[in-house]
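Chemist: sequence and predicted model, in that order:
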Amino acid sequence: MAAKKKLDAETKSGDVARDFELLRSMLLQRRFEERCAEAYALGKIGGFCHLYIGQEAVSTGTLSMLRPDDYVITTYRDHGQALARGMSPRSVMAELFGRQDGCARGKGGSMHMFDANANFLGGHGIVGGHVPLAAGVGFAIKYRGGDQVIVCFMGESVVNTGAFHEALNMAGLWKLPCVFIIENNRYGMGTALERASAIHDIFERGAAYNMARQQCDGQDVFAVREAVGEAVQRARKEQHPTLLEIRTYRFMGHSMSDAVSGTYRTKAELEEYMKRDPITLLRTRMEQNGTLSSEQLQQMDTEIKAVVQDSWDFADASPELPLEALYEDVYVDTTT
Amino acid sequence: MATKVFMEALSPTMEEGKLVKWLKNEGDAVKSGEPIGEVETDKAIMELVARGDGLLRKRLVNEGESVAVGTLVGVIAAADENIDALVSGAAAPAPAAAAPAPENVSAAAQPATDATPQSPPPAQPQGEASAPQQKAATPPAPVASTPAPQTTAPAPSGGTTRSSPLARRLASERGLDLNAVQGSGPNGRIIKRDIEAAGTGASPVAMAPAGAASAPRAATGGAATADFTDVPLTNIRKVIAKRLGESIGPIPTFYLTAELDLTRVMEMRKAMLELGDEFKVSVNDVLLKAIAVALSQHPEVNAHWLGDHIRYFNRVHLGMAVATDDGLIVPVIWDADRKRMSEISREAKELAKRARERKLKPEEFTGSTFSVSNLGMFGIDQFTAIINPPEAGILAIGTSEDKLVVIEGEAVIRQRVRVTMSCDHRIVDGAVGAKFLQALRRLVENPLMLVY
Amino acid sequence: MPVITYRDALGAAIREEMQRDDRVFLMGEEVAVYQGAYKVSKGFLQEFGEMRVVDTPITELGFAGVGVGAAMVGLRPVIEFMTWNFALLALDQVVNAAAKMLYMSGGQFKIPIVFRGPNGAALQLSAQHSQAWESWLAHIPGLKVIAPGTPYDAKGLLKSAIRDDNPVCFLEGEMLYNTKGEVPDEEYVIPIGKADLKREGDHCSIITHGKMVLVAMQAADQLAKEGIRIDVVDLRTIRPMDVEAIAASVNKTNRAVVLEEGWEVCGVGAQVVDYIQRDCFDNLDAPVIRVHQADVPMPYTKSLEKAAKPDLPKTIAAVRKVMYLD
């Protein structure tokens, strides 16, 4: 009971400095990705590019509850989480530009952000393929007797893949310290959840694996913090995994070649969801609490835009890897 | 600051887009991220969003019109901002996206694996790289490589004489005429044992003269690596090679040289310097200004060759070749003819500095309508520069120096400079180029005209 | 020198490596309580406990991924597939995760993992259980692929595989588990990527790997009676392939037969022939001939199964043909 109260105090709004950090984290992702869209249009970013705009409360809320030695693994929609985990905007932008100062030397691109120093185990491009990896990290933590946790982000379409079920079964069976987070943004590419899954409260799938499970509002950063906080505690203290369904919405298309609305969702629906912009919600709350003035907001926005511009300039100036790097990183030339 | 609205690449494969519908009228307020139009791509109808805040001041493309990616389609700016310069340049596609920035060009043209100079992958210690060497060691047809007069017509491979590669090599090494060997393999294929039998005199064979054997094989040595250094191409080097190679190849170029008298330019410089250090301009600054003004007077040389048409420019964007440690780059002074000499002077310095620091943005080194190259500082008297396609010409400026010249029957010392214009004959005829140089001479030798 | 089975050689290799390094663990179906489907891990559960000898549900994709995830954060898993036929379910983890992680992370995350299990046809197991997968796996940059044919090679190479910091696919022969050979008591390892000249001769090369090494040796014995001396090159490692050993042999003999268990089209032998034409063109006295499984799913019927498999008579016929003896 005392622990619950303590957690409540940690997760709820009110700590002014912390609320500022949450707002800053979310705003950084937003401003960063707005420039990503621009860079993509100018041909500076190529290939697939999946934007996270609208879902920032999930990454910020979740990752603000982790310790630096915990692990994070995610999907190809990974820019926001990389930034929220504290990776440098410069290295993320340089990766997007395909330059040698990128977090994966420009060899991964938008879908494959990695940072060993941040225990950020990558964005992964095969839907569902990374969920067993998360179970493996949980296994390794248990094998070594550590008290870290692994947070695994995934979209809601992942719950229909075999990999998801195989991984969750083992995590439940072996009691691995995993927090599986479904970012339910309603659409797997263009297919609505209701058209893809036999049940619509998908967190209930955890029942099949004897797993703690819960649903929460993904537009309210404090609701995310509360739910993730409980799940992380459960994993860390009791070595019990959780399946968390966080309901959110992506304000952009699935990728850059996808209309924002029109084909599989209506403009009216999009506009309805955009009324619950996670950044606006937090901002309004802080304004109502009297902890955020419009000047402060303006200043924060100006600072963040400067940080993003700096990341752009840095990425632009960073060279592409020389040709001799083509064959590097295929094999590591070491043994134990 | 005004925000240009470009036709964006809204799908990875999109090259042009049709502006189906404007969602904002001219004068409407727009916010960054807000849709302002609908664009039909090769895949879907997508929204074109504003990249800045302000009013949609100008729509440059009509609904239903298709334009290339990178074309300026509108301008967002504050209500009181002057956007004339942006709007009047709308005809040309935007430099940043329309003509892909050189770095992108070279990235696309980068050889993937074939031309890679480094060692083969560890998994294939004898992989691709060793193949060419093998090829070099392999005479196309060993018989033909034996210059023996008594050799009968060499059998082309796949001809009537079939032989294994080994048999061909052995025959070549031993100076045997394969046509004289009886093959014992399938379909009469000559194989090793047949050559060995022939070598022992078991069957009659024609011998080649001594010393003729195996020359091709012996000739192939390893490359003396101490004699040269392989340096991978930098991106800028690749762009230079591609663009200038294109130039010297298909462009029918001719050259016009003129020697201009700088006496009055020097007088003007001196007079300006006396007004104070802030009025200091270089000879090069004056020449740039004069060239820009001459171009504005002669749009027939301020042009691009675009394959099926020639584009003559009303504005003068002067490219200025700058040598950097990595190689040549050509930053652009936009609207050079309308700029004051002090602006040109400042901008030329700034661009050259940033070019050497490799800090130029793509839009700063694309979009020139005519270019200038100055090697005067290296003491070059005169030279011919390579046209920067698709431009119609380039002007090469030599060193300015005192010369003994005869003026009105008197030998006098005058400071002179030689300029040589390379002209693309597809656009510029001899007389046209000459008239331009005539205009330039008039301006340089009467620099007061530059302030008229 | 002690003579032991291929099975025990494998077991000894894993046991020694688990004793040597506590980050090494064995995971797979029936590896612990059941003592291994092919008894390779007999006694392991008792010796190392259930955290290091882990029975999994039947969930190939899942536990292959668990292995890769554990390897990402510093463990050194040995993942046993009951057969490589079942591993097809896990190929996404092998190909998209294990093989590419180092590259797409720009060198940050190495994956020291061994995927191992029996490969190729046994007897009358029919289409789904009688397949040789090495060409599929060897196609992928980022993987190493090993297929030993003898107990000595199996032990030395498996130890190297477990110590290697790259993902290694280790293909054992289902029919080889009971075969015996000399294996020294003292510790040794065999470098990955080195072929072994199992028999020396100057008339014709047979280039092969895995279970077919035994067939090649029998062919060499039989042909020796006719005075034909065969060079038997056992590749042992398919990727990286020992191209120098292939070239050295073929440049000496001028003729080659490439023998493998798998199918013809895009098979390992096709790659070997490519290396031969690149490096030995001027020394070839005959076209290279390949011996392989017939281009059909494996039939159950005894006579048809025999007709489909590469074997001793087919190998000898191929050698006679490249020697221009028939």
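Modeler: Done, it's in.
Chemist: the closest residue in space to B:Thr324 that isn't next to it in sequence: neighbouring residues, count only.
Modeler: Nearest residue to B:Thr324, sequence neighbours excluded (CB to CB, 6 or more residues apart in numbering or on different chains): B:Arg356, at 5.0 Å. C-beta: built from backbone N, CA, C; applies to glycine. Residues near B:Arg356, counting by other CB atoms under 10 Å in any protein chain shown, number 15.
Chemist: so what's B:Arg356 up against?
Modeler: B:Val322, B:Thr324, B:Asp325 (CB atoms under 8 Å, 6 or more residues apart in numbering or on different chains).
Chemist: contacts for stretch A:306-322 next, please.
Modeler: A:28, A:31-32, A:35, A:39, A:44, A:88-90, A:92-94, A:96-102, A:105-107, B:107, B:232, B:235, B:358-359, B:361.
Chemist: over to stretch A:33-47?
Modeler: A:49, A:51-53, A:79-80, A:93, A:96-98, A:109-111, A:252, A:256, A:308-309, A:312, A:315-316, B:6, B:8-10, B:12, B:32-33, B:49, B:51, B:96-97, B:100-101, B:104.
Chemist: filter these down to the ones in strands?
Modeler: Those of those mapping onto strands are B:Phe6, B:Val49, per DSSP state E.
Chemist: which of the contacts of stretch A:33-47 fall in helices?
Modeler: A:His79, A:Gly80, A:Met93, A:Leu96, A:Val308, A:Gln309, A:Trp312, A:Ala315, A:Asp316, B:Asn104 (DSSP state H).
Chemist: lowest pLDDT pick from those?
Modeler: Lowest pLDDT among these: B:Asn104, with 33.
Chemist: out of the contacts of stretch A:306-322, which are inside helices?
Modeler: A:28, A:31-32, A:35, A:39, A:89-90, A:92-94, A:96, B:107, B:235.
Chemist: neighbour count added to those, as a markdown table?
Modeler: Shown next, in a markdown table, are these (neighbours: other CB atoms under 10 Å in any protein chain shown):
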| residue | neighbour count |
| --- | --- |
| A:Leu28 | 23 |
| A:Arg31 | 19 |
| A:Phe32 | 26 |
| A:Arg35 | 20 |
| A:Ala39 | 19 |
| A:Pro89 | 24 |
| A:Arg90 | 19 |
| A:Val92 | 24 |
| A:Met93 | 30 |
| A:Ala94 | 25 |
| A:Leu96 | 30 |
| B:Ala107 | 16 |
| B:Asn235 | 19 |
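Chemist: any idea which helix or strand carries B:Leu56?
Modeler: Assigned by DSSP states H and E, B:Leu56 belongs to strand B:54-59.
Chemist: does chain A sit close to that strand?
Modeler: No: contact of strand B:54-59 with chain A (CB under 8 Å from any CB of the partner chain) is absent, the minimum separation being 15.9 Å.
Chemist: what mean pLDDT would you report for that strand?
Modeler: Averaging pLDDT along strand B:54-59 gives 92.
Chemist: following it, which helix or strand comes up?
Modeler: By DSSP H and E, the next helix or strand past strand B:54-59 is strand B:66-68.
Chemist: does that following strand come close to chain A?
Modeler: No: if you take CB under 8 Å from any CB as the test, strand B:66-68 misses chain A, and the best it gets is 13.0 Å.
Chemist: which residues in the chain form helices?
Modeler: No chain in the question, so chain A it is. Assigned by DSSP H, chain A shows helices spanning A:2-11, A:16-41, A:56-63, A:79-84, A:89-96, A:131-144, A:162-174, A:221-238, A:267-274, A:278-289, A:294-317.
Chemist: wrong one, I was asking about chain B
Modeler: B:84-88, B:102-109, B:130-137, B:165-174, B:192-199, B:215-219, B:235-248, B:263-275, B:283-297, B:341-356, B:430-445.
Chemist: could you pull out the helices for chain C?
Modeler: Under DSSP H, chain C gives helices at C:6-20, C:44-48, C:60-72, C:84-87, C:91, C:101-104, C:134-138, C:151-163, C:212-224, C:243-253, C:268-279, C:302-308, C:312-322.
Chemist: can you say which of those helices is packed in most?
Modeler: Comparing the helices of chain C by mean neighbour count (mean count of other CB atoms under 10 Å in any protein chain shown), helix C:60-72 comes out on top with a mean of 30.
Chemist: what mean pLDDT does that one get?
Modeler: On average, helix C:60-72 scores 98.
Chemist: for stretch B:410-430, same thing?
Modeler: 90.
Chemist: and for stretch C:193-201?
Modeler: 97.
Chemist: close to chain A, is it?
Modeler: No: applying CB under 8 Å from any CB, one finds stretch C:193-201 separated from chain A by no less than 10.5 Å.
Chemist: that stretch: end-to-end distance?
Modeler: End-to-end distance for stretch C:193-201: 22 Å, by CA to CA, to the nearest Å.
Chemist: still on that earlier bit, could you dump the helices of chain C into TSV and include distance to C:Leu197?
Modeler: Below are the helices of chain C laid out as TSV (distance: least, CB to CB, whole Å):
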stretch	distance to C:Leu197
helix C:6-20	20
helix C:44-48	34
helix C:60-72	34
helix C:84-87	27
helix C:91	33
helix C:101-104	32
helix C:134-138	20
helix C:151-163	13
helix C:212-224	11
helix C:243-253	7
helix C:268-279	15
helix C:302-308	30
helix C:312-322	17
